[in-house]
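> the amino acid sequence is not available; the structure is as follows:
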């Protein structure tokens, strides 16, 4: 085909799609504008995932009447002075223009000192202005987003998914700007409500009070870097990095892996291997060291001298943690007197070996000897083994037992993220026998739960069930059963030789006896041959091999 110049209309649609490809982009751009305007109160509303209607209201500076007509023009901005030194969240001057191209834009704005507000309606190249009455600040609404672009509309995510993503995005902004009032409403339901406070309060609004009580404030400097926010105590960790949040000069971003690694390295031995902390960290850097224009959705920023920045971050995290007594101690060895009446553990089936209990280490680990003549030492983590036993028992009972209707439904507080999950997983949870009813205003009623869970002696049982079932684990059913098995499992300090022996017998009857529900091993094996070599001895099993056989004969002949 011959080369031709695109028509202005097609070019506008393509360019607008680069800035606003989904409702979430509109939310981000309008929040940035509100923050740049100095707003202390920001309210967001979505209908139909934002495709039907999307509104962002703020109490910021507003736009003077004589400049409102310029606001929806492409590359019109009051923020950018130099591309080498961007000091605002918005800077391209394309957000309102793109929204007017992608949908129907209505902007109502009034500076506090101005009498009367101005309302602007814009769509494509048409705009209309009128004077109206409105409070100080700015309100922007977009309706029929992509309504005239059917191909783009068909590729949008489901409204529930877009609502969940919007909840996550607004939660990020609330975490990094905790001194503001935030409110998010999705299809008439409040998903997030945060009153002005500190970073710990924002963690409580987003992740709940249990998390906010386990974070430490940090405010420190290293060179040109200032670090503010919170770090979780070592007991509050996750196997993923999804709650490691970073902002650079006020902009929530997806941090480079080097910065995530720097925070984890700052914890050093305080953090278990394979675990990540919860953190909300605001990095303030000289504007000339930051390039915010490296990603269409502003999710990434370019950072000057990233290795030096990562090292500075690691040092600040380590220093912040060093002021708190967070380190643990190594366990000690104790071998009690043999208990009477113990029977040797024999495998019920499968490849699990026959073991003979010997003693207990640190009131947690069962030491056992193999009975097949190999003489190896086996170490059973009784807590992990008991977890596996209870997990498989609960799994069987969950599938076999009916749901239990609670005599009095229990009222529970849900975080914004949990409310989003409830909308998506309600039917799946009822299939387990778990009926959680949305009660509005961030509350829910627990009406029924699986009968297999009712008799468990687990602290905060109902709260734990709801928290896990509505969490962000990829397999919430498995995660819930694992946590319910963990709570009542035998703990360190409570394991005796008799209890360890019983657990060992029950473990052998499991379908998967080698790992606990969380993937940790239930048993470790120390070869008798390796043990002998460690002491500089020759193992009895070495004699029957190659050169050792000849050497053994020579010794006998001598």
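It's in. Nothing here was measured: the structure is a model prediction, and the numbers come from that model. Residues are numbered from 1 along each chain as shown.
> following element in sequence after the helix or strand harbouring residue 57, please.
Here residue 57, judged by DSSP states H and E, is contained in strand 53-58. Toward the C-terminus, strand 53-58 is succeeded by helix 95-102 as the next helix or strand (DSSP H and E).
> whichever helix or strand comes after that next one pairs with which strands?
Next helix or strand after helix 95-102 toward the C-terminus (DSSP H and E): strand 104-110. If you go by DSSP bridges, strand 104-110 pairs up with strand 117-123 (antiparallel), strand 137-143 (antiparallel).
> of these, which is nearest residue 506?
Closest to residue 506 of the strands paired with strand 104-110 is strand 137-143 (C-beta to C-beta; 59.6 Å). Every C-beta, even on glycine, is put in place using the N, C-alpha and C of the backbone.
> and the angle from that closest one to helix 95-102?
30 degrees (axes from the mean of the first three to the mean of the last three C-alpha atoms, to 10 degrees).
> and strand 137-143, how far out from the chain middle?
The chain centre lies 31 Å from the centre of strand 137-143; the measure is C-alpha atoms, centre = their mean, to the nearest Å.
> in the following helix or strand past it, what counts as buried?
As assigned by DSSP H and E, the chain's next helix or strand after strand 137-143 is helix 150-154. Across helix 150-154, burial judged by 16 or more other C-beta atoms under 10 Å covers residue 152.
> and helix 150-154, what does it pack onto?
Judged by 3 or more C-beta pairs under 8 Å, 6 or more residues apart in numbering; DSSP states H and E, helix 150-154 has no packing partners among the helices and strands.
> following that helix, which helix or strand comes up?
helix 159-176.
> what strands flank the helix or strand following that following helix, and is each parallel or antiparallel?
Remark: after helix 159-176, the chain's next helix or strand is strand 181-186, criterion DSSP H and E. Strand 181-186 has the following strand partners under DSSP bridges: strand 41-47 (parallel), strand 189-194 (antiparallel).
> ok, residues contacting strand 181-186?
40-46, 163, 166-167, 170, 173-174, 190-196, 205, 416, 420 (C-beta atoms under 8 Å, 6 or more residues apart in numbering).
> any idea of the mean pLDDT for it?
For strand 181-186, mean pLDDT is 96.
> sorry, back to before: need the strands paired with strand 104-110 in CSV (columns: mean pLDDT and distance to residue 255).
As requested, the strands paired with strand 104-110 are exported to CSV (pLDDT from 0 to 100; distance: least, C-beta to C-beta, whole Å):
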stretch, mean pLDDT, distance to residue 255
strand 117-123, 94, 36
strand 137-143, 95, 29
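> which one of those lies nearest to residue 385?
Comparing the strands paired with strand 104-110 by C-beta to C-beta, strand 137-143 comes nearest, at 56.7 Å.
> quick one, that closest one and strand 53-58 angle?
170 degrees.
> list of residues touching strand 137-143?
By C-beta under 8 Å, 6+ apart, strand 137-143 touches 26, 30, 33-34, 37, 39, 50, 52-60, 62-63, 96, 99, 102-110.
> one step back: quick one: closest of the strands paired with strand 181-186 to residue 68.
strand 41-47 (20.2 Å).
> give the rounded mean pLDDT of the strand holding residue 57.
The average pLDDT for strand 53-58 rounds to 96.
> partners of that strand in the sheet?
Sheet pairing here is set by DSSP bridges, and for strand 53-58 it gives strand 41-47 (antiparallel), strand 137-143 (antiparallel).
> of those, which is nearest residue 516?
Taking those one by one with C-beta to C-beta, strand 41-47 is closest: 40.9 Å.
> coming back round to it: quick one: the strand holding residue 57 to helix 159-176, angle?
Using the same axes, to 10 degrees: strand 53-58 against helix 159-176 is 10 degrees.
> ok, back up a step: take the strands paired with strand 181-186 and write them to JSON lines, including mean pLDDT.
Below are these laid out as JSON lines (pLDDT from 0 to 100):
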{"stretch": "strand 41-47", "mean pLDDT": "96"}
{"stretch": "strand 189-194", "mean pLDDT": "94"}
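> in TSV: those, plus distance to residue 425.
Formatted as TSV, these follow (distance: least, C-beta to C-beta, whole Å):
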stretch	distance to residue 425
strand 41-47	20
strand 189-194	15
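> of those strands, which is nearest residue 317?
Of all the strands paired with strand 181-186, strand 189-194 comes closest under C-beta to C-beta, at 25.3 Å.
> pLDDT below threshold where in the stretch 401-550 of the chain?
In the predicted model of the stretch 401-550 of the chain, residues 534, 540-550 satisfy pLDDT under 70.
> contacts made by the longest strand along the chain with the rest, please.
Using DSSP state E, we find that the single longest strand of the chain is strand 403-413. Strand 403-413 has contacts (C-beta under 8 Å, 6+ apart) with 208, 432-437, 439, 442-451, 454, 462-463, 466.
> centre of the chain versus it, how much separation?
27 Å.
> now the angle from the helix or strand following that strand to strand 189-194?
The first helix or strand that comes after strand 403-413 along the chain, using DSSP H and E, is helix 416-432. For helix 416-432 against strand 189-194, the angle between stretch directions is 140 degrees (the same axes, to 10 degrees).
> what's across from residue 282 in the sheet?
residue 228, residue 247.
> wait, it sits on residue 229?
Yes. Here residue 282 reaches residue 229: they are 5.2 Å apart, a contact under C-beta atoms under 8 Å.
> now the strands for the stretch 401-550 of the chain?
Under the criterion DSSP state E, counting those that start in this stretch, strands of the stretch 401-550 of the chain are mapped to 403-413, 435-440, 443-450, 523-526.
> thinking again about what came up before, overlap in contacts of residue 282 and residue 229?
residue 176.
> related to what we said a few turns ago, nearest to residue 244, out of the strands paired with strand 53-58?
That would be strand 41-47 among the strands paired with strand 53-58, by C-beta to C-beta, at 24.0 Å.
> buried ones in that closest one?
Under 16+ other C-beta under 10 Å, the buried positions of strand 41-47 are 42, 43, 44, 45, 46, 47.
> ok, stretch 131-142 next?
134, 136, 137, 138, 139, 140, 141, 142.
> got JSON lines for the residues you listed, with distance to residue 406 too?
Below are the buried residues of stretch 131-142 laid out as JSON lines (distance: C-beta to C-beta, whole Å):
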{"residue": "134", "distance to residue 406": "47"}
{"residue": "136", "distance to residue 406": "48"}
{"residue": "137", "distance to residue 406": "45"}
{"residue": "138", "distance to residue 406": "47"}
{"residue": "139", "distance to residue 406": "43"}
{"residue": "140", "distance to residue 406": "44"}
{"residue": "141", "distance to residue 406": "42"}
{"residue": "142", "distance to residue 406": "43"}
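> how about those, which pair is most distant?
The largest separation in the buried residues of stretch 131-142, counting by C-beta to C-beta, is between 136 and 142 at 21.6 Å.
> how near is residue 459 to residue 487?
From residue 459 across to residue 487, the span is 7 Å (C-beta to C-beta, to the nearest Å).
> which of these two has more neighbours?
Just comparing residue 459 and residue 487: by other C-beta atoms under 10 Å the higher neighbour count belongs to residue 487, 16 against 8.
> out of everything not next to it in sequence, what's closest to the more buried one?
residue 458 (4.2 Å; C-beta to C-beta, 6 or more residues apart in numbering).
> does the one you found touch residue 480 like I think?
No. Counting by C-beta under 8 Å, residue 458 stays clear of residue 480, with 11.3 Å between them.
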